[in-house]
Every structure is written in structure tokens, then in C-alpha cells.
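Peer 1: Got a predicted model here, sequence first, then my questions.
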Amino acid sequence: MLFLLTLNSALAWKHIGLVWDDFPLDWYMDDGTEESLPEGYDKEVIDLSWDSWLDAECADFSIEGQVARFRQRIDLGLPDRADGVTGVYWNDPADQEGAGVLGVTSYAPTGYVARVANGRTYYFMLGADIVFNDNVDYATVDEIASGACSNETSIKGVATHEIGHLLGMDHSCQQGEACPDPVLQDATMFWSVGPCDAGQDEINEDDISGMNALYGPSVSFTGSTRLQSSNTVLSGAAPLEVDFSLVSEDDVTIVEADWSFGDGNSSADLNPSYTYNEAGQYTVTVDAIMSTVECGEFNFTTSELGMVTACAEPRPLDGAGGLFQVTEVEGLRWQTINQTDMSVYGCVDMIFWQVYKGGSVDAANLLDLNGDGEGDMLGAWSPELEFPSAGTYTVVVNVGGPAGTIAQALTIEVSDKSGGCSTAGAPGAFGVAGLLAGIAGLAIRRRR
């Protein structure tokens, strides 16, 4: 069977945001029975419902292996989705389902990210359980087909629906929301089903599209700059040129690609190069049309959140007047106030402070801040400084990131008496250029 999964249909289905890490799953069934079904049919119908999902031929989730293990019958007691055991319960042992509820699937996520695709983050599952309501009268496939059904509910439709949830599918339409598309209304994953209705027994094209997006062929991408190569995070000074490359499985042909670079610009090149001229953090998305022999053409959209960070040189906040200021706390203790612009996350990755005795930046007068002979640099955001004695001191902050490193100095008069004045943080006698030239041997030069 060949599938043409267009962009519109690919965005119609819904996922719960959880996927399984590996197949086949270990499956177990409790020893409860469903009294409204023929003896043994409650076990048989699960096999039939699993078979319904086999129509999603491009999705690799190893149903045959699951079914073989699924036939093991053990008594697990009460459902516990966090125990890492995936089970099915027919007699609602915890009495958790009320009137109108046909079945419930519950999940335990691991918290580990599986991937970012179709604009959302997917996490791996630890375990899941399906519980059927034992207060519902169910009908078999044959009873519905023969017309012998009388207000019962198709057990195969309910089981197929709940297995869809367990695999990661959400409702095609939720209760109470507008759902004008008949394809969504006829999906196995529609939120409800009527009496004697076998419409959910078999999955339709929307269900198939959703499963193929979960477990079918996929595409990813990497990016590289002059200094870095990564599939998750890239950073550098703006203008930052990034080369993007699509990565797919061996049997997948990439037909088309539509890139969105996160700043409003796009490209239809399969492997584009793009320059980020403005500082910022950008999410990159590619919508690819792919093709395989088994599946035909289909869409797959994937994103990397905050993949590119283009940085300007570190600078003060607008209107701050300088990178920092200091104010007296009491006597020899003074508080620094850092005013570095941090509006683009990741563009500042180094801050350290130095203090010099006197009114100039002279390496011979660099103080040992920690008193251990090695503490001439203090790494902190806004440290409190305690000077050894009254006098004139020059405080220097060094701020660095992917776009370079700058420094700024401020000369203050320290008294050993309380009640001194505050000092604003604009550079005093030392401008940035003069300061950088005056600190010989210290790694605070601008870099690109």
C-alpha cells in the first residue's frame, strides 16, 4: 500500500507527546474476564485490535513480537503504570472508571527527550496501562456484523482506540471542540463511539498518518559554522553563517525541503547556508517531503528549539551607563552590581572580577582576592568585595562570550568607616580600549 501524506493531513492527527524507546514491548494481561464477552474472546480481541494498526505499514512498532508476549497471562494486581510493566486490565480492579467511560490508558513518562518534531517535544515512556470499564456491555465483531447487537459497544473498536493511545496517539478531535472534518470524525482516535458502531474497529488515513509520523521514516538535520558542528546548539558572533544539512535513513529519498530559520526567513534548498545578522536565539524548522518504496511520498516536520545563538559583543544594559557599578555596604565591604545585557541567553559565558591597589591597572598591584596566593580572579555575577584597608582601588570586570570579551574598570575611594557614598559604574580614567591595552598578560582581549 502506498501512502501520500500531505502537509494538511500530517498536521491533522494529534499525539500525546510520548513514544516508546524500543520494540517489541513486554506486554502482560491480568487474569480478569469481561462477563459480557464469550469466554476467551477478551484475549482474542486484543490480537484483532493490534492487527488493525498494522495498516500503518510505514510505522515500525513490531506488533508480532508484542502479541506473542502479550498472550502471557499473569495476575499483576492493581495497575501501576510507573512500575515499568505495560498491562491490560479487564475488570477495572481499582474501580477507577465512571459512567460513560469505556476505557482508560494511563502513562508514566521517563522525562528523557526522544526528539523534537512537528513543533513539539516528545518524551520516552517508562510504562503504560489499559483498563476497560467492567460496567459496559460489549459486543463482538460477529454480533455487530450480524445485526445481533442491541445497544452494546464494539469491544474491538474500544480496544483499538486504547491501543492507539498506548502507542502515543491522542484523540483526533477532543470532546467539545469543533470537528468539521469527516476524516477526523471517522478516525479510530475520535473521542467517542456510539452503540453498535464498528467505525473505530479499523484505523483510517488520519490514524495511519499519525502512526507513521511517530514510528515511520524520519529526517533530522545538522548545522555547522566555521568553528562548530552540531545537531542541537550552535553559537557565534553575528553575522553568523550556518550551513545546514539534512540527515535521513538510507532507504529514504528527500524530495523537497522547506526551511524556516527562526527569524522570518526561509529557504527551499535541500542543504542551505544562511547568515544570521541580528543577535538572538533562533529555532530552526524543516518541513521535508520524503519518499520510500514502501510508503510513497510523505511529509515530516522537525525542529531544533533554540538551535542557533547569534551573539553581539557583550555590552551593558540599555541606559545603564556601564557594565557595572559598586556601592558601599559598610566600611571596607562594597557590593558590585552587574549591568551586563543578558537578553540573549548563551551570549555571555564568562565573567570574572579583578581588583588593583591604586588608581591604575598595573599587574604588580593585582590583589590576591582569596588570600591563597592564587585568587587574583573572582568568578561571580555580582560579588561582594572586602578590601584589605582604606585607600584607592580599581575594580575591573571582564565579560566574555562567543562574540568576544570586553573589560571595564572603575576607580573608587574606600574608607574604613561606614556611611560612605555610592559610586556609579561608568568607566573612569580607563576607557575600555585603554584598559585592555594596559592589562598585559591577561586574557581579556577582544576575540572574534
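Peer 2: Alright, I've got the coordinates.

Peer 1: The residue lying closest to Val101 once chain neighbours are set aside and Asp31: what is the separation?
Peer 2: Nearest residue to Val101 in three dimensions, chain neighbours excluded: Asn133, at 5.4 Å (CB to CB, 6 or more residues apart in numbering). Backbone N, C-alpha and C define where each C-beta goes, glycine included. Applying CB to CB, to the nearest Å, the value for Asn133 to Asp31 is 18 Å.

Peer 1: Neighbour count: the two, which is higher?
Peer 2: Asn133 (22 against 11; other CB atoms under 10 Å).

Peer 1: dump the residue contacts of the more buried one.
Peer 2: 92, 97, 101-104 (CB atoms under 8 Å, 6 or more residues apart in numbering).

Peer 1: Determine the three-state secondary structure at Ile289.
Peer 2: Judged by DSSP: H, G, I helix; E, B strand; the rest coil, the three-state class of Ile289 is strand.

Peer 1: That one pairs with what?
Peer 2: On the basis of DSSP bridges, Ile289 is bridged to Glu256, Asn299.

Peer 1: Correct me if wrong: it contacts Glu256.
Peer 2: Yes: when contacts are counted by CB atoms under 8 Å, Ile289 is listed as touching Glu256 (4.3 Å).

Peer 1: Compare those two (neighbour count), which wins?
Peer 2: Here Ile289 and Glu256 are compared on neighbour count by other CB under 10 Å; more neighbours surround Ile289, at 18 against 13.

Peer 1: now that one: how far from Glu205?
Peer 2: 17 Å.

Peer 1: Ser220 too?
Peer 2: Applying CB to CB, the value for Ser220 to Glu205 is 26 Å.

Peer 1: just so I have it, where are all the strands in the stretch 301-448 of the chain?
Peer 2: 324-330, 333-338, 350-357, 384-386, 391-401, 404-414 (DSSP state E, counting those that start in this stretch).

Peer 1: Out of those strands, which gets nearest to Ile144?
Peer 2: strand 391-401 (66.1 Å; CB to CB).

Peer 1: and that closest one with strand 333-338, angle?
Peer 2: Going by axes from the mean of the first three to the mean of the last three CA atoms, to 10 degrees, strand 391-401 is angled at 30 degrees with respect to strand 333-338.

Peer 1: partners of strand 391-401 in the sheet?
Peer 2: strand 350-357 (antiparallel), strand 404-414 (antiparallel).

Peer 1: any chance of the ones you listed in a markdown table, plus mean neighbour count?
Peer 2: Listed next are the strands paired with strand 391-401 as a markdown table, based on neighbours: other CB atoms under 10 Å:
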| stretch | mean neighbour count |
| --- | --- |
| strand 350-357 | 20 |
| strand 404-414 | 21 |
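
Peer 1: Between the ones you listed, which one is closest to Thr121.
Peer 2: strand 350-357 (29.6 Å).

Peer 1: Strand 324-330 and the closest one, what's the angle between them?
Peer 2: Going by the same axes, to 10 degrees, strand 350-357 makes 60 degrees with strand 324-330.

Peer 1: Could I get the CA-only coordinates of strand 350-357 as CSV?
Peer 2: Listed next in CSV are the C-alpha coordinates belonging to strand 350-357 (Å, rounded to 0.1, in the frame of the first residue of the first chain):
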residue,chain,number,x,y,z
MET,A,350,32.5,34.1,31.2
ILE,A,351,32.5,36.8,34.0
PHE,A,352,35.4,37.4,36.4
TRP,A,353,36.5,40.3,38.5
GLN,A,354,39.9,41.7,39.4
VAL,A,355,40.9,44.4,42.0
TYR,A,356,44.1,46.5,41.8
LYS,A,357,45.6,48.7,44.6
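
Peer 1: which residues sit against it?
Peer 2: Counting by CB under 8 Å, 6+ apart, 336, 338, 340, 362, 365-367, 369, 376-381, 383, 385, 387, 391-401, 405, 442 sit against strand 350-357.

Peer 1: Check stretch 186-195 too.
Peer 2: 13-14, 52, 102, 149, 151-154, 157-158, 160-161, 164-165, 169-175, 179, 184, 199-204, 206-207, 210.

Peer 1: how much space between the nearest residue to Ser273 once chain neighbours are set aside and Gly296?
Peer 2: Counting by CB to CB, 6+ apart, Ser273 lies nearest to Asp243, which is 4.9 Å off, once chain neighbours are set aside. Relative to Gly296, Asp243 is positioned 30 Å away (CB to CB).

Peer 1: Am I right that Ile46 is in a strand?
Peer 2: No: counting by three-state DSSP, Ile46 is not part of a strand but helix.

Peer 1: which one is it nearest to, not counting chain neighbours?
Peer 2: Nearest non-adjacent residue to Ile46 (CB to CB, 6+ apart): Ala159, at 5.9 Å.
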